[in-house]
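> Got a sequence here, can you build the structure:
(2 chains)
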Protein chains: 2
Amino acid sequence: MKKIFYLFYFLSFTINMRAEDGYRLWLRYDLVQNKTLLNKYRAQVNACSLFGNSEIIEAARNELSMGLSGLLGGKIPVYNVTPGNAAKILFAGTPTTSAFIASLPYKEQLQQAGKEGYIIITMYTGSTSTIIIAANNDIGVLYGCFHFLRLLQTEQDISQLKIVSAPKIQNRILDHWDNLTRYIERGYAGISIWDWQRLPDYLDQRYADYARANASIGINGTVLTNVNANSWALSPLYLVKVAALAKVFRHYGIKVYLTARFSAPIDIGGLKTADPFDAEVKAWWKKKVDEIYQHIPDFGGFLVKANSEGQPGPQSYGRNHADGANMMADALAPHGGIVMWRAFVYSSDIKEDRYKQAYNEFKPLDGQFRKNVMVQVKYGPIDFQPREPIHPLFGAMPQTPLVMEFQLTQEYLGFATHLVYMGQLFKEMLNTDTYVNGPGSTVAKIIDGSLDHYNITGIAAVANIGNEKNWTGHPFGQANWYAFGRMAWDHTVSPSQVATEWIRATFTNDKKFVTPVLEMMMGSRENMVNYMTPLGLHHIMGYGHHYGPAPWYDKALRADWNPVYFHRADSAGIGFDRTSKGSDALGLYAPGWRRQYEDMNTCPEEFLLWFHHVPWNHKMRSGNTLWEELCFKYYSGTDGVLWMQKAWQSTKGLIDNERFEQVNMLLKIQVNEAIWWRNACLLYFQTFSRQPIPGKYEKPDHALDYYEALRFPYAPGNAQ
Amino acid sequence: MKKIFYLFYFLSFTINMRAEDGYRLWLRYDLVQNKTLLNKYRAQVNACSLFGNSEIIEAARNELSMGLSGLLGGKIPVYNVTPGNAAKILFAGTPTTSAFIASLPYKEQLQQAGKEGYIIITMYTGSTSTIIIAANNDIGVLYGCFHFLRLLQTEQDISQLKIVSAPKIQNRILDHWDNLTRYIERGYAGISIWDWQRLPDYLDQRYADYARANASIGINGTVLTNVNANSWALSPLYLVKVAALAKVFRHYGIKVYLTARFSAPIDIGGLKTADPFDAEVKAWWKKKVDEIYQHIPDFGGFLVKANSEGQPGPQSYGRNHADGANMMADALAPHGGIVMWRAFVYSSDIKEDRYKQAYNEFKPLDGQFRKNVMVQVKYGPIDFQPREPIHPLFGAMPQTPLVMEFQLTQEYLGFATHLVYMGQLFKEMLNTDTYVNGPGSTVAKIIDGSLDHYNITGIAAVANIGNEKNWTGHPFGQANWYAFGRMAWDHTVSPSQVATEWIRATFTNDKKFVTPVLEMMMGSRENMVNYMTPLGLHHIMGYGHHYGPAPWYDKALRADWNPVYFHRADSAGIGFDRTSKGSDALGLYAPGWRRQYEDMNTCPEEFLLWFHHVPWNHKMRSGNTLWEELCFKYYSGTDGVLWMQKAWQSTKGLIDNERFEQVNMLLKIQVNEAIWWRNACLLYFQTFSRQPIPGKYEKPDHALDYYEALRFPYAPGNAQ
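The predicted structure is shown next:
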């Protein structure tokens, strides 16, 4: 009887009182569970004092108050003055807002912190300590406060803090592919959180919480609208709505950007042309930009997709990308705005390997862009695949600041259903050595400007955020948002460090949970590569919606939208020959890089089929033939997911039941879909290899025709 | 300093610990605030015992445990046995599951409770009391538990309970206009809560909470899919998903229904025809229905929109609605399923007043439908306007059970932005006397079957639910969901009783809050009629999206989609002559009804322009001319909203800040949009009346052309 009662009581408390619906993200400020540490923290901080009275300091004050009260479980007074006795009080401010901060002996550290950075220092007066969060600007104070709260959330020692932190990249931006209808292209977590219909007067609580979350990880910009753009977003009806969002975000140091449709002068301006050399067109953009800045004085600028996948652009008028970008840049320059011009272009009229087209169009334009133009490049040459070689443009445009574009929304990575931690994908791309200026010319050094001395720098990621209660659909989707922000701020931080922070802040500090879940996350991306596209396979998913495997698909109007274009399997072998004997895409890279990849025997095997058409019986380093290795990889991918499922189940009871069950259900789907990928791909490729799947592996449970017949007409995220 | 601290502490507690995001709806089980009453309750109930072990009893046990623990703030043990000492224990069960319940002297009351009803009785043994919740079936026990919890939530005396409650209508159903893409037609609260992509394996917590909310107000059916139907919903891919939802809902006594697209045998069956007389077509539906019942043994049946607004139907094959409905009914009958066939039909090929078309098509079919067919009729003859006369079919089909169709989603009532309580709209329609069998032939008696002795009865409402955190977008949208359920169960309950319950359960029992908010709600619908469509105006909103006023609109392809078709304003007057000298729609009604409406001088003025083309200088009962009265009504509507705004502001501090601010922001929009409606309509009608807006009123702030030029291409809810 007692047992029944306790069970229900626990249930009721959980469900009714504080359901863990994931809305709080990693900003959970529940009481520190380690009692010893809690008492220590309480002895170190029992009040805080913030200097300054800007809206950003107001935000910092709210956050610190909310965070400390929750974490330390008491009433933590928040002042904005310097009391006589400084012990146990946390002080935060800038040398400008506080003579006290100005008087401290941390000039050098503050210099290192720069415009947006901060220092966090445990200062001692005799044996009593004081925590100092100092910065050169209020935004640094806010960032420092978030960092400090994270230390408590993750149960770190705060008795000897000597933190100096400054972002390595200036513009750290989320790109929302959100339409004005609130439909999100490639969105898997509901619809857009921008409730355009009720803006500007109705301000959803989400807007502030979105800004808090971004500021907590150092993101300082957001592009509100889809790159497949709608000119109406630039109309007065919408600009007042954008301004209302900008006002909320400004409290958290976040600038607002919009996508600009190149044909806007025609669509909403009543002009007959959008030719960037036309005087009326130039004047229209100038006037439009002036109007935008009247609404939003700190407007960030435009993100533009032009002459790509049906979007209008300067080439329609015989002009090039630089001509188009510069026209907008000239309108933005007086206000300090920037243009991010996307390099994701490829044409069906051109027979060239799609891999090479963006390079061929953009490389010749290096040096022709205005100073406030950046060219935004997806990490790989095709399209956000689970693994891609680095895009050949990185390192090829030393006179043009390049923005790295990642994709948090899992268009090709299992939607919001598969658990895939992207920290290692980010790291893999950023650490890639392009050899353009000799060894050590990493992508990170290119985009942070240290290699080519860019005057502006940027990094962007397509958001995975929607209006589902937990923001990202999959609870672990939050980790990718988090990791992007943390690594955009500091690309030297390790994926495992970031994952550990996130797990601790989001779930619990209990090592019995942290250890296996970290292992799950760290292995998750390689698992996915293995069960979807091992050994360099790419772009073999379902047409249009990109859901599930369809390596057999060959019905798309454009050749380079078909999986068969990319894997080129035949009786001789599989893979896309991009060596000098094939499309010579490898010729776009620096010699140091190219040499290694050009030779089938030195090419890293994880990229093999990106660059070589490889015979089925080719001997791999493992001793397996290619076919055997392909089978091995696909099966090890699914084994990996089965392991993840077990590992997760071992954590039952260590966290709230609600999120535990969510992940458990999602892992069940991931297991099934991983097996589906494996079976469908192997059965299909087997029609070329004509070799058996080794008997030691579980047999596919359906024949190939079963998989080929599956249809998913309403899989989410496809353009609407 | 102290003050600052307290402010922030309060804020932090609210935001961080238990944000009132509205997700809990009216099922909030927070500690009873009245301490005297709390102690009294604790003395009356300190444990509960439920008999039975069905999944429904399991749900009741969860709810009672969660509810009592929360409301009484202690550990309330839940047993499932009869202890020796019954004092202070609440007992719930049926005579079948419990000998103890069977032994109680409440046979007669239980008989009245019927299949789904329940009794709640305070039973005394000497001076110690025991609460008894008894029913004939487990679902009645669940309903009784929800009712009992509501008594505590709303701080009612439970020391003398003698409640006998039974539903007056059998099928109480929510219709979701949700597409398989999750887009909701006329949805203003996000996208569909049915996450088709991740069903059947991922079961969102919302599914259970949706079922709990519905069961708590007696709703026992849900149509998952849009009446503008998609045949794929009947495919095996989706049936397993539907079955997963049905399994969750079954715990709460809720049956699942689907919309059946009439052309499904062609769309997904590979047949060449959907002719209901074709043997193959009949066989296809029979097989399809058998397949559905294999997945969902308690499947409810089909809702069908046929030969209406482009939907396929039996008329394409020279058959009539009865032929189509009966074919499906024959397939469903062996399984106990029903067909709800919609009467919302009108054709552009027919010149007849749209008002009359459904009547003309359906009335002749009375008596031709199978026993398991119901005809579903919108409350009014046009389309869910803020006020409509009753649909003439009510009372005209004595041999055909009619389902009343309401619309909770505010397609024509201000989207999820305007505060409009529909309790009085429901009541007005249900209480309308049709006079078909003489005075007292109310619509309620028609649809509850008491007038015509229907063998099945039903009532439905188009849901206003989406995936926004608070379910309905506007916090007060929840009240309409609540009121529909309560009045579907018992149409004799008053709108103000229902509103009071809802306010107390959803916000607080504090009279300083309840009194003004009740007044706001009770006046809200008449306000809306006044600022949108007073005196019988109808269908004068924006084309397509239905957002805002557009009485001037005349560009729609169909005449009867144009506002000018409906208001017919000219220099002589305004209104649609539907008397015997006009379209004679009044001729469809019983003489007792008709006589009153036929004469301009006895026609209730709130319906005047529905039935008469009235001269601008017609003297109204107030002594005003029609034009003056029109101005008066429009201005009193906006004054009413301004009053609501003030009344709401007077409640600041009495409830959580989060929901207070939400409603505050929404009322600001409502004020602006009400003024917009008033100004646009009066300026437009003034072009015909050629009379001034009386000088005592505030002047419109723009000229007519300003309003006519407004465009809202992405207003939500329009078909996609």
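
> ok, so what distance separates residue A:573 from residue A:174?
41 Å (CB to CB, to the nearest Å). Where C-beta positions appear, they are placed from N, C-alpha and C, glycine not excepted.

> correction: residue A:664
From residue A:664 to residue A:174 the distance is 29 Å (CB to CB).

> who has more neighbours, these two?
In this comparison of residue A:664 against residue A:174, neighbours counted by other CB atoms under 10 Å in any protein chain shown, the higher total goes to residue A:174 at 25 against 16.

> what's the nearest residue to the more buried one if we skip its chain neighbours?
residue A:463 (4.5 Å; CB to CB, 6 or more residues apart in numbering or on different chains).

> ok, the one you found - contacts?
Residue A:463 sits next to A:174, A:175, A:176, A:177, A:408, A:409, A:481 when contact means CB atoms under 8 Å, 6 or more residues apart in numbering or on different chains.

> Which per-residue confidence value corresponds to the nearest residue to the last one once chain neighbours are set aside?
Excluding its sequence neighbours, the residue lying closest to residue A:481 (CB to CB, 6+ apart) is residue A:408, at 5.9 Å. At residue A:408, the model reports a pLDDT of 98.

> for the one 5 residues further on, same thing?
Here, the pLDDT recorded for residue A:413 equals 98.

> number of nearby residues for the residue lying closest to it once chain neighbours are set aside?
Nearest residue to residue A:413 in three dimensions, chain neighbours excluded: residue A:420, at 5.0 Å (CB to CB, 6+ apart). The number of residues packed near residue A:420 is 25, by other CB under 10 Å.

> related to what we said a few turns ago, could you check how far the residue nearest to residue A:481 is from residue A:212?
18 Å.

> Then residue A:429?
When distance is defined by CB to CB, residue A:429 is 28 Å away from residue A:212.

> Name the residue in the two with the higher neighbour count.
Set side by side, residue A:429 and residue A:212 show more neighbours around residue A:429, with 25 against 20, by other CB under 10 Å.

> pretty sure the more buried one contacts residue A:381?
No - assessed by CB atoms under 8 Å, residue A:429 is found out of contact with residue A:381, at 11.8 Å.

> remind me which residues of the stretch 51-200 of chain A are low pLDDT?
Along the stretch 51-200 of chain A, the parts satisfying pLDDT under 70 run over A:82-87.

> got the residues of it near chain B?
A:61-62, A:65-67, A:69-70, A:75-81, A:180-183, A:188, A:190-191, A:196-198 (CB under 8 Å from any CB of the partner chain).

> circling back to that earlier point, for the residue nearest to residue A:481, give me its contacts.
Counting by CB under 8 Å, 6+ apart, residue A:408 touches A:174, A:422, A:461, A:462, A:463, A:464, A:477, A:480, A:481, A:484.

> Phi and psi next, for residue A:680.
phi -60, psi -40 (degrees, to the nearest 10).

> before we move on, back to that, ok, the residue nearest to residue A:174 to residue B:606 distance?
Separation of residue A:463 from residue B:606 (CB to CB): 49 Å.

> do the same with residue A:536
Distance check for residue A:536 against residue B:606: by CB to CB, it reads 73 Å.

> and these two? which has more neighbours close in?
residue A:536 (25 against 17).

> my read: the more buried one touches residue A:575, true?
Yes - because the distance of 6.6 Å satisfies CB under 8 Å, residue A:536 is recorded as touching residue A:575.

> between those two, what contacts are shared?
Taking CB under 8 Å, 6+ apart as the criterion, residue A:536 and residue A:575 both touch A:608, A:609, A:610, A:611.

> Now do the strand or helix carrying the second one: which elements does it pack against?
In other words, residue A:609. Residue A:609 is part of helix A:608-611 when elements are defined by DSSP states H and E. Judged by 3 or more CB pairs under 8 Å, 6 or more residues apart in numbering or on different chains; DSSP states H and E, helix A:608-611 is in contact with no other helix or strand.

> what's downstream of that helix, the next helix or strand?
strand A:614-615.

> How about the helix or strand following that following strand and chain B, touching?
Following strand A:614-615 in sequence order, the next helix or strand is helix A:626-649 (DSSP H and E). No - counting by CB under 8 Å from any CB, chain B is not contacted by helix A:626-649; separation bottoms out at 12.4 Å.

> From the chain's centroid, how far away is helix A:626-649?
26 Å (CA atoms, centre = their mean, to the nearest Å).

> In terms of secondary structure, what does that helix contact?
Helix A:626-649 packs on helix A:511-532, strand A:573-574, helix A:657-689, going by 3+ CB pairs under 8 Å, 6+ apart.

> got the buried residues for that helix?
Buried residues in helix A:626-649, counted by 16 or more other CB atoms under 10 Å in any protein chain shown: A:626-645, A:647-648.

> What are the boundaries of the strands in the stretch 251-400 of chain A?
A:255-259, A:301-304, A:338-342, A:373-378 (DSSP state E, counting those that start in this stretch).

> how about low-confidence regions in chain A?
Using pLDDT under 70, chain A drops low at A:1-18, A:82-87, A:719-720.

> Residue A:160: how many residues sit nearby?
For residue A:160, using other CB under 10 Å, the count is 9.

> is it true that it touches residue A:121?
No - counting by CB under 8 Å, residue A:160 sits too far from residue A:121 to count as a contact (9.3 Å).

> dump the residue contacts of the closest residue to residue A:269 other than its chain neighbours.
Using CB to CB, 6+ apart and skipping residues adjacent in sequence, the residue nearest residue A:269 is residue A:284, 4.9 Å away. By CB under 8 Å, 6+ apart, residue A:284 lies in contact with A:265, A:269, A:271.

> now residue A:220
Contacts of residue A:220 by CB under 8 Å, 6+ apart are A:116, A:139, A:171, A:172, A:173, A:214, A:253, A:254, A:255.

> Identify the farthest-apart pair in the residues you listed.
With distances taken as CB to CB, the most widely separated pair in the contacts of residue A:220 is A:139 and A:173, at 15.3 Å.

> Now do the contacts for the closest residue to residue A:694 other than its chain neighbours.
Nearest non-adjacent residue to residue A:694, counting by CB to CB, 6+ apart: residue A:631, 5.9 Å away. By CB under 8 Å, 6+ apart, residue A:631 lies in contact with A:682, A:693, A:694, A:697.

> If any of the residues you listed are buried, put those into a ChimeraX selection.
Command for ChimeraX that selects the buried part of these, burial taken from 16+ other CB under 10 Å:
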select /A:682,693,697
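
> what's around residue A:351, how many residues?
Around residue A:351 there are 8 residues (other CB under 10 Å).

> actually residue A:177, not the one I typed
23.

> any idea how far it is from residue A:475?
Distance of residue A:177 to residue A:475, computed by CB to CB: 22 Å.

> for residue A:276, same thing?
Plainly put, residue A:276 is 45 Å away from residue A:475 if you go by CB to CB.
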